[in-house]
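A.B. asks: Sequence and predicted model, in that order:
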Amino acid sequence: MKRKILFLEQQSWLSGAQRVLEFVLDAIAETYDPIVALPGEGPFRRTLSDRGIKTLTYPLGFYRTGRKSRLEMLTFGGRSILCALKLAGVIRREDIGLVYVNGPRCLPAGVLAARLTGRPVLFHLHLTLVRKPEILLVASLAHYVSAIVACSRRAAGDIVNADRSLAGRVHILYNPVGGEPAIATKHVGPSPKANTYAPLTLGVVGRITKPKGQRIFLNALGRLSPELKDKIRVIFVGSPSPDNVEDLIYNQRLKDCAAQFNLSQKIQWAGYQTGVSVFYRAMDVLVHPSLWDAGESMPLAVLEALQHGVPVIASWAGGIPEVIHHGFNGLLVPPGNEVVLSRTLEHFLRDTSLRAHLRSGAQSGFDERFSIENFKTEIRELIWKLCSTQHARNSEAFREEPAA
């Protein structure tokens, strides 16, 4: 009989952390039975159900991005306790061997549920913590976690710097770069490289939300000369979270901004896509203009662009400099600085030799840190170790029980 693992996911929307979780589920499929708890309905839950993976709902609720009010923090604390009690019942009923926490928002509930039931916890950190209260909370809860998987050195550094005693529990395991559907779900139009007049294509991939910095990018484009604007084409791949009012408002403001800068005819809003390979193949550069508070650790969009041989212009934020080497496979700019970003874009657009050099660097490939086989092997071994330790403890406790 397979042992069971309870995965706690903090959102039902499908983005980078959820895609990495799918790699984890692939890695353990032959050995363990996963149960994934999510806060509600959504595309990620439907994806899991289509794969035959058992899911359940726990009342974590929805929380907006950015700084939280005191009321929101109090609400979060109460909901976390309620979630922990419900999850503790699931752990006992399903005889769960390991609690896998896939994100900091569900860490309090996961740790408390595991403490109530005596189960080990694996915490997977997919982002860079940027606010001191969040760092302190996660560092304090990490004392009750058996292992921490961080997807970049920068992400791990937040926790270790807050408490050096946690260093022995941290495993740095970079997000893997794997295959995906080669055909997009929506028509992209002909590749610009096939036209007689071939504009340079700038792509932006990711959720449409303020911390991702799409407005900074549009402001930077607005600073370009009319001559350069005539030479570009822009593709936005991604959409606002459908249950986030702030994202929906921001999405409309981006389109208004594009119209203000006379860029509407230059931009394709491709929306949410299940496969993005065809978009990367159309790009001359990926622009990833995240703000400092976006919590970027190791964005999959950056890795996917390099996988397709596309250079990257990105913010110097989080773990991005661990994979983008300035002047080799991309260019790095200060987060939130539209003036520097505009100058960098102008340099890229005007300098043919620079574009060729960066594309050559992007096509040089990845090292083993980003291998999907390496990722699956290491995460599988770590899970096996934690589950085996728990199984040994349970067996020892059973042997020590007095006879009736």
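C.D. replies: Good, I have the coordinates.
A.B. asks: For the stretch 151-300 of the chain, just list every one of the helices.
C.D. replies: Secondary structure of the stretch 151-300 of the chain (DSSP state H, counting those that start in this stretch): helices located at 153-162, 214-222, 226-229, 245-260, 277-282, 300-307.
A.B. asks: Let me know which of those helices is tucked in deepest.
C.D. replies: Greatest average neighbour count among the helices of the stretch 151-300 of the chain goes to helix 300-307 (a mean of 23), per mean count of other CB atoms under 10 Å. From N, CA and C alone the C-beta is placed, and that goes for glycine too.
A.B. asks: Run through the neighbouring helices and strands of it.
C.D. replies: If you count contacts as 3 or more CB pairs under 8 Å, 6 or more residues apart in numbering; DSSP states H and E, helix 300-307 packs onto helix 16-28, strand 200-205, helix 277-282, strand 285-288, strand 312-315.
A.B. asks: Moving C-terminal from the last one, which element do we reach first?
C.D. replies: Spelled out, that is strand 312-315. Following strand 312-315 in sequence order, the next helix or strand is strand 330-333 (DSSP states H and E).
A.B. asks: so where do the strands sit in the chain?
C.D. replies: 3-9, 32-38, 54-57, 96-102, 121-125, 147-150, 170-172, 200-205, 232-237, 267-271, 285-288, 312-315, 330-333 (DSSP state E).
A.B. asks: Tell me where the model's unsure across the stretch 51-200 of the chain.
C.D. replies: Low-confidence segments of the stretch 51-200 of the chain, defined by pLDDT under 70, span residues 63-68, 179-197.
A.B. asks: Show the end-to-end separation of stretch 293-300, please.
C.D. replies: End-to-end span of stretch 293-300 (CA to CA, to the nearest Å): 17 Å.
A.B. asks: picking that back up, now the helices and strands packed on helix 300-307 as JSON lines including distance to residue 161?
C.D. replies: Putting those into JSON lines (distance: least, CB to CB, whole Å) gives the following:
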{"stretch": "helix 16-28", "distance to residue 161": "22"}
{"stretch": "strand 200-205", "distance to residue 161": "30"}
{"stretch": "helix 277-282", "distance to residue 161": "35"}
{"stretch": "strand 285-288", "distance to residue 161": "25"}
{"stretch": "strand 312-315", "distance to residue 161": "21"}
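A.B. asks: of all these, which lies closest to residue 158?
C.D. replies: Counting by CB to CB, residue 158 lies closest to helix 16-28 out of the helices and strands packed on helix 300-307; the figure is 16.3 Å.
A.B. asks: tell me what the closest one is packed against?
C.D. replies: Helices and strands touching helix 16-28, by 3+ CB pairs under 8 Å, 6+ apart, are strand 3-9, strand 32-38, helix 43-50, strand 96-102, strand 121-125, helix 300-307, helix 372-400.
A.B. asks: In terms of mean pLDDT, which of these ranks lowest?
C.D. replies: The weakest mean pLDDT among those belongs to helix 372-400, with a mean of 76.
A.B. asks: thinking again about what came up before, for the helices and strands packed on helix 300-307, which one sits closest to residue 73?
C.D. replies: Shortest separation from residue 73 across the helices and strands packed on helix 300-307 is recorded for helix 16-28, at 22.0 Å, computed as CB to CB.
A.B. asks: I appreciate the help and will end here.
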